[in-house]
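J.: fold the following, please.
(chains A and B, ligands or ions: 3)
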Amino acid sequence: MNYFDKPNNIQKDIGNDTNTFSNNDNNRRPQEQRKRKFESPKIFTPANSFAPIAKSERVPYIIPCQGQQVFSADKTRLFTLGAPIMSDHSSITYSTDNRELFAKIYTQKALQIDLFENKAKRMVKENVDIKGVCWPKALLTNSYGEFVGILVPSCSGVQLSKSVLSGTAAIKQFFPTWDKRDICTVSHTILDTICKLQKLGIRFGCFNPASVYIVNPTEVYFVDTDSWQIEGYPTLSRNVTFTPPELLSEQQKPRLFNKDEENYQIALLTFMLMMPGKYPYAKKRRVDSYESIKDMSFPFSLGGEARRSADAEKPSGAWQIVWDHLPFKMCSKFYHTFHANGDFSKPGSRLKDYEWAFAVEEFGRHLSLDENSESRSLMPRTFRRDDKREFARCRICNQEHPTFYFLRNIKIQNEKINIWDRGYRVCLPCAVDQSDASFNCKSCGKTFYYTNQTKIIHEIGRLNFDWNGQKWCHSCKKHSVKCSRCGTDVPVYQMQEYTDRKRNLKKNVCKNCFHDLINESKKENEWRNGIYTRGACRQCYQWFNITNGEAEYFKEKGMQLPSRCPSCRGRR
Amino acid sequence: MANEAYHSSEYYRQQRSMLVNGDPRALICFCIDVSSSMNEWWIEDGGLLRTSGKGYSDGHNVFHFNAETDIKPGYAAYKKIDKLNDALASLLSDLKYDKDLRDKVAISIVVYSRFGKVLFDFLDCSNVDIASCRCTADAPETAMGDGIRTALSQIDEMEKDLRYAGKDAYTPLLIFMTDGTPTDDPRNEFSLIRERVQKGDLHVFPLGIGDGADMIRLRDMFPVGSAPDRYTERYKMTMPQNYTDIFQEIKNHIKQRQSVMVSEGNSRQSQPAIEGQNITNNQMGEAFDYEDLLSLM
Ligand SMILES: [Zn+2]
Ligand SMILES: [Zn+2]
Ligand SMILES: [Zn+2]
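T.: Ligands and ions are numbered 1, 2, ... in the order given. From the prediction side, this is the model:
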């Protein structure tokens, strides 16, 4: 599909670069040459000050919608608006009766300022013809000739924000056959397009991954190009994700971004493409998220001096492995860009856009040469194999892992025991995984399984441990409630239910109170069974006892004490 | 005993799932009242033909009747716990079979009556066995405070695990349900929730079940002035339709939060000019006010 007019000078200059790694023989140009290629003349001149923005002189009264007609500004063409396809805060993009064109119509509110019209006029003056860039082709008016929107090339695909940048599950959902090579290809397609745009002097201002649509690894569309920063016209949106850390604040005003700030966003995009969906900064607990980002706390390390930030948790499992499969050169670039102490982390010192495009291209080439490589997997199951790493097989999951990924020592009563030397081959994930040994909590009734590591501890230190000693789970143990009698905090599992039969009441009390209550009731029972008085039966003249309890009962009922013995009473 | 490490089977499944799926997670913790009063019936006004006596339980008067013969035909009637389980099961299966959400949303269920306890540890929806997520009514007590403490610590633990695993997480969601008044004093726990909601560390849905729910007290979970519109009416589930409506609202809330990249955090997201099933939202983040743009001049 080619939605664009005839190729022009720009196309000749930059538009014929290959996006795939299949025919890459002529791509092995020295970096210098590559750099020069991206430093040719701009057609837009990035500005340091805003273009004038004012209230529109005339706000259109009628904003065309589905089923209605719009006109090209020169009145030579007429389009009927079809179903709405996309929308943002200030516009609705409709399909038209021309399959290759969409009509982006601004809201009445947006048209109250002249920015949209002025920017659109400036943009359509230039014919930017880069594959996948949906550059405005003409201004659109309503039937009164008032400016209402722009004519743009149509597009299709899935949003970058909803697919690759949402993580592997989303990639599998939309592109089930993709592996890391496809990620490299699509990343290169995107970065290469960005380099071409930058070269023309076009900036995003704030990169918006929701306006990039992916059809396949080599077919990607950049829409809403009128939201970009064009000369003195600022970008219209902002997001937290792509805002350089030094600019993050609650009250961010519209601004014109410089090349370095743009380079930061390109670096971030590259990171989130290579580590699909992963944001580079570690979120700290209960800290304002802006603070975490401003601190540039980066959780990945390079080895040697280049360690992860002290306040960032070490990523375990999946991400550690994905990071390990990226080429060292690329990791180094990421590290030095996102780590607070990195060489390129300070504003003004960031790596240039083409460096990222180049790194991704190189990685893609490497992957396509290296057959049956685990690195091709989106979420590799284990670390990269290289000459220096020794691998062993875990006896539990039967997966091969490098030896550093195995449980080495366990501690039994402060004594360190090297289980690796004893022949145990248990990888770190399996060490904390479920074993077959379990117990039922006596308080909550749930079944809990010991970890394999705990099971090994039991196996080795059998004599010192009571396997069946576990009665309550952690949560029942640490869980305390107030004793309903004495008010002290008591672990739930120590609470006992006391039934007061006389008052027909149940209450939850602590151990001590339970004993007290039992004793009280015992004493009471003793007293109740104690003899209150003796008397001779009026009928059989036998002596009989009246207990304290009986006496109390009759008194409560307002009755006289009985004058007959229990057996004579029973006979009546 | 030192070094004892044991967990529920859901916990292990979740850890395994995190090992192969690096995607961000959204945590949803249900905190459900299972006091014995949840076993009681709700009958539409005028639907009860006769009663066979009355009694006192779980802090209020109850009527006895025969569910088979004493309810007028055509009147809505259900056992609160059954309706709750139905609504829960339908929400869980909605999530479980939603392609966008199933691998991102992890749920946990905490129940409370005499004490709070974990019925179900956090687990990705795609792995949830819905049949095992049924609540049963327990003791005649409503230890709300303890239930909340258990739920919050459950969320904290899982957030810690996610942090350890280097996984990003959305703001967790607490869905709190009760049918009555607390039998413990949950004021401290309510203020813990308020603080977190205020800071943006937690989203909360405090739901009342049946006529006896103390909606005024529940509204206290929101920081002053931030309770949703018509909170006391909308978040009270009485008629069967209320359950469906509120669970739909929860699902929409989840979907909406997930449609934004996790790195956006709780930052404001502006609304597109038009919304619809086949209309994609090209806006990520916030749009500048037109006044802001004019002020540049
Ligand atoms: Zn293993
Ligand atoms: Zn327990
Ligand atoms: Zn006590």
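J.: Three-state assignment for A:Thr93, please.
T.: For A:Thr93, the secondary structure call by DSSP: H, G, I helix; E, B strand; the rest coil comes out as strand.
J.: who does it bridge with?
T.: For A:Thr93, the beta-bridge partners under DSSP bridges are A:Met86, A:Lys104.
J.: is chain A contacted by the one helix or strand B:His253 maps to?
T.: Taking DSSP states H and E as the definition, B:His253 sits inside helix B:240-258. No: interface with chain A: helix B:240-258 contributes nothing (C-beta under 8 Å from any C-beta of the partner chain), its closest point being 8.8 Å away. Quick note: C-beta positions are derived from backbone N, CA and C, even for glycine.
J.: what does whichever helix or strand comes after that helix rub up against?
T.: On the C-terminal side of helix B:240-258, the closest following helix or strand by DSSP H and E is strand B:280-281. Contacts with strand B:280-281, where a contact means C-beta atoms under 8 Å, 6 or more residues apart in numbering or on different chains, come from A:85-88, A:159, A:210, B:259, B:272, B:275.
J.: show me the helices in chain B, by range?
T.: Assignment of helices within chain B using DSSP state H yields the ranges B:9-20, B:80-96, B:144-164, B:187-199, B:215-218, B:231-234, B:240-258, B:290-294.
J.: which stretches of the stretch 151-297 of chain B have low pLDDT?
T.: Across the stretch 151-297 of chain B, the ranges flagged by pLDDT under 70 are B:297.
J.: how about residues contacting stretch B:197-207?
T.: Contacts with stretch B:197-207, where a contact means C-beta under 8 Å, 6+ apart, come from A:286, B:155, B:171-178, B:193, B:196, B:218-219, B:221-223, B:226, B:235-237, B:246, B:250, B:253, B:257, B:265-266.
J.: need the contacts of strand B:280-281 in CSV (columns: distance to ligand 3 and neighbour count).
T.: Shown next, in CSV, are the contacts of strand B:280-281 (distance: C-beta to the ion, whole Å; neighbours: other C-beta atoms under 10 Å in any protein chain shown):
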residue, distance to ligand 3, neighbour count
A:Ile85, 68, 21
A:Met86, 66, 26
A:Ser87, 63, 24
A:Asp88, 63, 29
A:Gln159, 61, 25
A:Ala210, 59, 26
B:Ser259, 52, 17
B:Pro272, 60, 22
B:Glu275, 58, 10
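J.: using a markdown table, lay out those together with distance to A:His339.
T.: Putting those into a markdown table (distance: C-beta to C-beta, whole Å) gives the following:
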| residue | distance to A:His339 |
| --- | --- |
| A:Ile85 | 41 |
| A:Met86 | 37 |
| A:Ser87 | 38 |
| A:Asp88 | 34 |
| A:Gln159 | 30 |
| A:Ala210 | 28 |
| B:Ser259 | 31 |
| B:Pro272 | 36 |
| B:Glu275 | 40 |
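J.: among the residues you listed, which two are most distant?
T.: Using C-beta to C-beta, these reach their maximum pairwise distance at A:Ile85 and B:Ser259, which is 16.9 Å.
J.: wait, A:Gln542 sits on A:Arg564?
T.: No: in this structure A:Gln542 lies outside contact range of A:Arg564 using C-beta atoms under 8 Å: 9.7 Å.
J.: out of those two, which sits in the busier spot?
T.: More crowded of A:Gln542 and A:Arg564, by other C-beta atoms under 10 Å in any protein chain shown: A:Arg564, with 18 against 11.
J.: quick check: the gap between the more buried one and ligand 1.
T.: With the distance defined as C-beta to the ion, to the nearest Å, A:Arg564 ends up 83 Å from ligand 1.
J.: and the stretch 1-150 of chain B, which residues reach chain A?
T.: B:1-9, B:12, B:15-16, B:18-24, B:99-100, B:103-104, B:114-118, B:143, B:146, B:150.
J.: list the contacts of the nearest residue to A:Phe44 once chain neighbours are set aside.
T.: In this structure, A:Phe44 finds its nearest non-sequential neighbour in A:Gly201, 3.6 Å apart by C-beta to C-beta, 6 or more residues apart in numbering or on different chains. Listed by C-beta under 8 Å, 6+ apart, the contact set of A:Gly201 reads A:42-46, A:231.
J.: repeat the analysis, applying 10 Å as the threshold.
T.: For A:Gly201, the contact set (C-beta atoms under 10 Å, 6 or more residues apart in numbering or on different chains) comprises A:41-47, A:126, A:230-231, A:259.
J.: most neighbours of all those, which one?
T.: Ranked by neighbours (other C-beta under 10 Å), the contacts of A:Gly201 are led by A:Ile230, which has 24 neighbours.
J.: wait, that residue touches A:Phe116, no?
T.: No: the pair A:Ile230 and A:Phe116 does not pass the contact test of C-beta atoms under 10 Å, sitting 11.6 Å apart.
J.: quick revisit: will you turn the helices of chain B into JSON lines that also has mean neighbour count?
T.: Output for the helices of chain B, formatted as JSON lines (neighbours: other C-beta atoms under 10 Å in any protein chain shown):
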{"stretch": "helix B:9-20", "mean neighbour count": "19"}
{"stretch": "helix B:80-96", "mean neighbour count": "20"}
{"stretch": "helix B:144-164", "mean neighbour count": "21"}
{"stretch": "helix B:187-199", "mean neighbour count": "16"}
{"stretch": "helix B:215-218", "mean neighbour count": "16"}
{"stretch": "helix B:231-234", "mean neighbour count": "14"}
{"stretch": "helix B:240-258", "mean neighbour count": "16"}
{"stretch": "helix B:290-294", "mean neighbour count": "15"}
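J.: between the ones you listed, which one is closest to B:Ser108.
T.: Closest approach to B:Ser108 among those (C-beta to C-beta): helix B:144-164, 5.3 Å.
J.: so is that closest one next to ligand 2?
T.: No: judged by C-beta under 5 Å from the ion, helix B:144-164 makes no contact with ligand 2; its nearest approach is 11.0 Å.
J.: what's the neighbour count on the closest residue to A:Thr141 other than its chain neighbours?
T.: In space, and not counting its chain neighbours, A:Thr141 is closest to A:Phe71: 5.2 Å by C-beta to C-beta, 6+ apart. Residues within reach of A:Phe71, counting by other C-beta under 10 Å, total 20.
J.: cool, thanks, talk later.
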